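Enquirer: Here you go, sequence then predicted model.
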Amino acid sequence: MLWPVSASDPRPAKDVVREKLGQSLRKVGRLADSLDRAERGPRGTERPDTPGVAATAWAVAKAAGVVASSPVGVPTLAVAARRTAQDCALRVDMMGEHFMAVIEDRPTPLPARVTRRLDAGQKWLITSDLHRCNPGRLDWPRRQGTKDLYVQMLEHYAERGWGLIENGDVEDFWMPGGSAWGAVYDIARVAGGVVAAVDDSMRLDVLKDQLDRTVDNNALIYRTITEGFLRPGRYHRTIGNHDEAFVEPELAARLEGHLPGARPVDNLLLVHAGDGREPADVRSVDEVAALVTHGHLTDSWNGPGYSALGRAITWLALGLDDLPTPSGTEGLPDEEAVDRLLAGRGRNRLVSLDPRFGGNRRFDSLDEERLFAALAAAAPAPEAPHGGWPWMLFGHTHYPMMKPRDAAGESVHYANSGCAVLDHAVSALEWDPSAGDEPVRLVLWRDVDGEAQRKELTADGPRLRVA
C-alpha cells in the first residue's frame, strides 16, 4: 500500500486510500498550475499556443510508446473500427424506431433514453461543439478567438428573451495535454481508468477537477449563461461524446453545482402543447416540431458504447500535437474556412463514409447519408411532407448545414449548428416560431474588429450562401 493506514482510523482502508489519492492529485495539480503560470508568463503576456515543458515531455513519452506499440496498436484500432462499423449499421437501421420511442415516451433499444420536452413556441438559440476546457494551448475557444464573441452573442439573445440550448460537447473531457495540468490530467485519467474496475473514485475525481477548472477558465461565459438564461428558466443542454461523462450521476451533480438545475439529457423535443397542456404531456409525432440531439448516436467511432475508439484517436492526435514540431496536427478551422462560408462556398451536402471502417479521408465518422436514408425508409407518415418527421437539429460534425442535399440531390429536413471553434466565428441555429413555416435559421456570428456581427446562411443547392 502506498500510504500507511492508521489503526485508530475507523474508516475502511479503501476510503482512506481514496482520500490520500485525492490529496496527492491536488498537490500534483497545484504543482502543475505553478509550472503553467511560470511558462505562460505575467498576465497579458500569456503564450497559450506553447504547450510547455511538462506537456512536451509527456507527448514525447506518448509518441515513443505509440511507435513501440504500433505493430499491435494499429491493427487493433483497425479491427475495432471494422467491428464498431458493423454494429453501428444495425443501430442506424433502428433509428426510426428509436426516434418514435423517444417521441411516444416508451422504451428505446438504443442508449439515448433521457428526454426532455420544451415549448416550440419559445425562441431558442442552439449551439454545439463548444469544447470548453482548462487553460493552455488546447483551449480551443481561446486559440480560435471565440470566447468574447460567444459572450457577446449570448448577451444579444438573452436581452431579447430567447432561450439557450447547448447541444453537446460543451465541456471537453477528452482534451489531454496542452499544459502541465493537461499532462497530469491525461496521466491521472489513464491511471484512473486502469484501476476503475476495483475503485472508480480516482477517475471520477479527475473528471470533477477537470470540470471545475473548465468552469473557472470560462467564468464569464458561465456567468452570462446563469444571469441571461438559467435564472429565467430558459437554459437546457444535451450530452455529446466529448462530455459523455455527464451520464455519471456524480458528474451531472457536479455540473449542477456550477449551473443549478442544468442536468444534461440525450434528447430535447420542441413540441406544440396547446389546449392548456404542458410540453411534458405531448406524445404524438404530429405535435413535435423538432428533435434536438447532439447527433453522435450512430457514429461508429464516437457514439455511446463505441467512444473508446474515438477517445483513443483523439488521445493520439492531440498527444502528437504537443510534440516540439513547427506546426500542429489537430486541424482547427482557419480563416479560409470562414471565408468560404461568407463567399457562398460552404459545403451543404450530407456526409458519407466508407462502410467498412466507418470513416473517410477527412476523418469524418458520422454517415449522414445512410442515417437519413434509414429515417426516410421508416417515415411515420410517408405521404406527408418530410415523411412526417420533425426537424432534426444536430451538432457533432462541426459542419454547419441547412437543409443539405443527399446523394440524389434532394433536400433533407435537417440542420446542423456547426461549432463554436471556427476562426473568430461561431455558427449556430435559431429556432424562431414567429417565422412561420421556416422556423429554423442557420447563422454565423463573427468577430469584426472586436464587435459581434451576425450573418444568416441559407441553402443554395449543395452550397451555403449568405442571405
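Expert: In hand now; what should we look at? Residues are numbered from 1 along each chain as shown.
Enquirer: Nearest to the spatial middle of the protein, which residue is it?
Expert: In the chain, the residue lying closest to the centroid (Cα atoms, centre = their mean) is residue 169, at 1.4 Å.
Enquirer: now it: how far from residue 237?
Expert: For residue 169, the distance to residue 237 (Cβ to Cβ, to the nearest Å) stands at 10 Å. The way it works is simple: take the backbone N, C-alpha and C, and place the C-beta from them, glycine included.
Enquirer: now swap in residue 389 and tell me
Expert: 23 Å.
Enquirer: need the contact list for residue 284.
Expert: 103, 104 (Cβ atoms under 8 Å, 6 or more residues apart in numbering).
Enquirer: do residue 406 as well
Expert: Contact analysis of residue 406 by Cβ under 8 Å, 6+ apart lists 349, 350, 369, 372, 373, 412.
Enquirer: Please repeat the previous calculation with a cut-off of 7 Å.
Expert: 350, 369, 372, 412 (Cβ atoms under 7 Å, 6 or more residues apart in numbering).
Enquirer: ok, so of these, who is nearest residue 335?
Expert: residue 350 (26.0 Å; Cβ to Cβ).
Enquirer: residues near the closest one, how many?
Expert: 25 (other Cβ atoms under 10 Å).
Enquirer: Just after the helix ranked longest in the chain, pick out the following helix or strand.
Expert: Across the chain, the longest stretch assigned as helix under DSSP state H is helix 53-93. Using DSSP states H and E, the helix or strand that follows helix 53-93 in sequence is helix 95-104.
Enquirer: From the contact counts, what lies against that next one?
Expert: helix 368-377 (3 or more Cβ pairs under 7 Å, 6 or more residues apart in numbering; DSSP states H and E).
Enquirer: how far off helix 53-93 does the helix it packs on point, in degrees?
Expert: For helix 368-377 against helix 53-93, the angle by axes from the mean of the first three to the mean of the last three Cα atoms, to 10 degrees is 30 degrees.
Enquirer: quick one, helix 368-377 and helix 95-104 angle?
Expert: Using the same axes, to 10 degrees: helix 368-377 against helix 95-104 is 60 degrees.
Enquirer: circling back: what about residue 389 and residue 237, which has more around it?
Expert: More neighbours surround residue 237 than the other of residue 389 and residue 237, with 28 against 25 (other Cβ under 10 Å).
Enquirer: So what sits opposite the more buried one in the bridge?
Expert: Assessed by DSSP bridges, residue 237 has beta-bridge partners residue 166.
Enquirer: so how far is residue 126 from it?
Expert: From residue 237 to residue 126 the distance is 10 Å (Cβ to Cβ).
Enquirer: now swap in residue 86 and tell me
Expert: 32 Å.
Enquirer: Those two - which one has more neighbours?
Expert: For residue 86 versus residue 126, the count of surrounding residues by other Cβ under 10 Å is larger for residue 126: 25 against 13.
Enquirer: residues touching that one, list them.
Expert: Residue 126 is in contact with 165, 167, 292, 393, 417, 428, 429, 431, counting by Cβ under 7 Å, 6+ apart.
Enquirer: Make sure I have this right: the fourth one is in a strand.
Expert: Think residue 393. Yes. Applying DSSP: H, G, I helix; E, B strand; the rest coil, one finds residue 393 inside a strand.
Enquirer: If the closest residue to it other than its chain neighbours is in a bridge, with which residues?
Expert: Leaving aside its chain neighbours, residue 393 sits nearest to residue 292 (4.7 Å; criterion: Cβ to Cβ, 6 or more residues apart in numbering). According to DSSP bridges, the partner residues bridging residue 292 are residue 268, residue 393.
Enquirer: what's near enough to touch residue 292?
Expert: Applying Cβ under 7 Å, 6+ apart, the residues near residue 292 are 126, 165, 167, 238, 268, 270, 393.
Enquirer: And for residue 272?
Expert: 120, 287, 289.
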